[in-house]
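coords please:
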Amino acid sequence: MRFDVIIIGGGHAGAEAARVCARGGAKVALLTMQRDAVGRMSCNPAIGGLAKGNLVKEIDALGGLMGEATDRAGIQFKVLNRSKGPAVQGPRAQCDRDLYSAAVLDILEAEPNLTIVEGSVSALLVEGLTVQGVILADGTHVEARATVVTTGTFLRALMHSGEVKTVGGRFGEPSAETLSDSLRRLGLNLGRLKTGTPPRIDRQTVDFSKLEEAPGDERPRPFSILTDSLPLPQVLCHLTYTGAPAHELIRANLHRAPMYSGQIQAAGPRYCPSIEDKVVRFAEKERHQVFVEPEGLTHPWLYLNGISTSLPPDVQDGVVRSLPGFENALIARYGYAVEYDFVNPQQLAPTLQVRGVEGLFLAGQINGTSGYEEAAAQGLMAGINALQFVRGGEPVILRRDQAYAGVMIDDLVTLGTEEPYRMFTSRAEHRLLLGCDSVYERLTPIAERLGILDAERRRRTVARAVRMSRARTAAAVPLTPDRPTTAWLREAGIELTAPSTIARLSQRPEFDLAKIAAAAPDAEMAEAFRALSEEEEEGLLSQMRYAGYIERQQREAAKVSEDEDLRIPATMTYALPGLSREMTEKLSAIRPHSLGQASRIPGVNPAAIAILRMHVRRGGTGVSS
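Now for the predicted structure:
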């Protein structure tokens, strides 16, 4: 079989990579061990959250599928941190896990250039340092010019539940045992990471009267610009808490916990620790919050978000039944940990292509990340660059001031990671520029230029841009404190005593744009504001209220853009006069694509950057080592 691009793995990264390549006109093979596992939510049945929700919006702006699938399967939508500024807000949706997977599969099957192939990959087809395809377990050769590896937690995966160890990357699914060997033969350094999942509970055995209700937003907001209304009914989530009985039981059984017995040596996620890790690290806390999340509208299980664990089943039973409302609960599936191989991402270019290996791209948890959203964003960018590789086009690298996906990929390839990487707003130095309110203006033109944007997204994005532009123009109209102006503004709850604009008035606490639109005598101004959706109105208000801070971050970003734009030749050897051996070794190991990336390598000092800047500007590529 011969294709343009092969995608190994049908998870969140693989789905995005496959779709974008097919959208771009490439003939694509998506290789998955189980067709019905494509798009499966391995862990929590939710998409988005703080910074993660921004990644999903970025994916949507670039023509990806995660936002579309979430809107089709979402059963509770909520914008987190609504009481705080827009830079730290994050949209999140609880999903029906079965409907989500079905939606992803439906979206992929609609792509005429995409073929889903069931099979396990045993090895890469390699000629020298060029990957030419893969060999399946049954001996079939599948050839392609570009291969994207998105294997998630399946590389030499081992599941742990107490003292019991089982080979597999997910409950009931096999491990990919031999692909790691192909990666090592290409010179890649691999390590081990660990993730985990909590027990699932039979919902019929829970007393919901003892739980706190956790509702979604009254007016749920979709993720995708393609969505006009959400198709599914919205449901409640709930809260409960661990207490002293659970903590005492966990402490008494730490010797049976794989993370503490020495059975697992790999690093787990720092920001999503297991309940046993929480009890040890935060011993002073009397309780820990547990989110009780439905797995679907009719699914019989509940997901206990907050008590991920690999403790033995008898201990899990005791912990769960100590929770208020769960005194008689039955565990439908016990929690477990998964240990798996990953590739040190410092061995990748910012395009997510393996440095020095032609035609091989990596995306998702194989690069040391955690989370569906991080995986999907990498899959989309790896897919875009695999598509450009096949086309012979210029690679696409998102800047740190352009997208959270750009921050994440730059962090990974520059700094590497020794534990599962999770996206946070605090990782972005220009986060005011990366809000959901401006994502389509920032990123959709890239997708349009690449020819991966569907006509309906293009139409809606253009219409949105026109509405926002008209509203910003109306907000900039000068207002003078004459009698007619003060009269209608007073009607809108605003006292005007000096010349101003709607944009400046928006910074007052009593400002209400809806009242402004209702009272404005200028029909064009009123219509400009009324035409905005709720999300667009909030975006306009945040842009006006934080205009000074946004402009300052734009100036700061512009200051460093010169270094970001100064590309370092791929053939640079770094054996430069004036560079110490340490600096040469650090730069040679990472092989930064720009001076900006070089400046972020730990230990590379300003003096080394000055030498490198001078040499690159002179057109040099170093001398032979």
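
test my guess that residue 391 contacts residue 21.
No: Residue 391 sits out of contact with residue 21 when judged by C-beta atoms under 8 Å, with a separation of 10.2 Å. In this view, the C-beta of every residue, glycine as well, is placed from N, C-alpha and C.

host element of residue 342?
For residue 342, the host element (DSSP states H and E) is strand 336-343.

and that strand, average pLDDT?
Strand 336-343 carries an average pLDDT of 94.

please enumerate the helices of the stretch 351-500 of the chain.
Along the stretch 351-500 of the chain, the stretches classed as helices by DSSP state H, counting those that start in this stretch are 372-391, 404-415, 439-450, 455-475, 483-491.

quick one: residues in contact with the second one.
Residues outside helix 404-415 that contact it (C-beta atoms under 8 Å, 6 or more residues apart in numbering) are 51, 54-55, 58-59, 345-346, 348-350, 352, 367-369, 374, 377-378, 380-381, 397-400, 417, 421, 423, 427-428, 434, 590, 592, 597, 600-602.

give me the buried entries from those residues.
The neighbour count (16 or more other C-beta atoms under 10 Å) marks 51, 54-55, 58-59, 345-346, 348-350, 352, 367-369, 374, 377-378, 380-381, 397-400, 417, 421, 423, 427-428, 434, 590, 592, 597, 600-601 as buried among the contacts of helix 404-415.

can you read off the pLDDT for the closest residue to residue 54 other than its chain neighbours?
Spatially, and ignoring its direct neighbours in sequence, residue 54 is nearest to residue 404 (4.9 Å; C-beta to C-beta, 6 or more residues apart in numbering). At residue 404, the model reports a pLDDT of 97.

measure residue 404 to residue 53 for me?
Distance, residue 404 to residue 53, by C-beta to C-beta, to the nearest Å: 10 Å.

do residue 604 as well
33 Å.

these two: which is more packed in?
Shown here are residue 604 and residue 53; by other C-beta atoms under 10 Å, residue 53 has more neighbours (26 against 20).

and residue 176, what are its phi and psi?
The phi and psi torsions at residue 176 (degrees, to the nearest 10) take the values phi -90, psi 100.

hmm, I was thinking of residue 149
Per degrees, to the nearest 10, the backbone of residue 149 is at phi -100, psi 120.

and for it, the neighbour number?
For residue 149, using other C-beta under 10 Å, the count is 31.

kindly state the beta-bridge partners for it.
As for beta bridges, residue 149 partners with residue 8, residue 362 under DSSP bridges.

which ones are touching it?
Taking C-beta under 8 Å, 6+ apart, we find residue 149 in contact with 8-9, 179, 183, 360-363, 366.

relative to residue 375, how far out is it?
Going from residue 149 to residue 375 by C-beta to C-beta gives 12 Å.

then residue 133?
Residue 133 is 23 Å from residue 375, by C-beta to C-beta.

give me the more crowded residue out of those two.
residue 375 (27 against 22).

run through the residues that contact the more buried one.
Per C-beta under 8 Å, 6+ apart, neighbours of residue 375: 11-13, 150, 152, 363-365, 369.

residue 363 now?
Counting by C-beta under 8 Å, 6+ apart, residue 363 has contacts 13-14, 17, 148-150, 352, 375, 378-379, 381-383.

any idea how far residue 60 is from residue 223?
For residue 60, the distance to residue 223 - C-beta to C-beta - is 6 Å.

which residues are common contacts for those two?
Common neighbours of residue 60 and residue 223 (C-beta under 8 Å, 6+ apart) are 66-68.

top of those by number of neighbours, please.
residue 66 (32 neighbours).

now do the same contact list for that residue.
12, 16, 47, 56, 59-60, 223, 372-373, 376.
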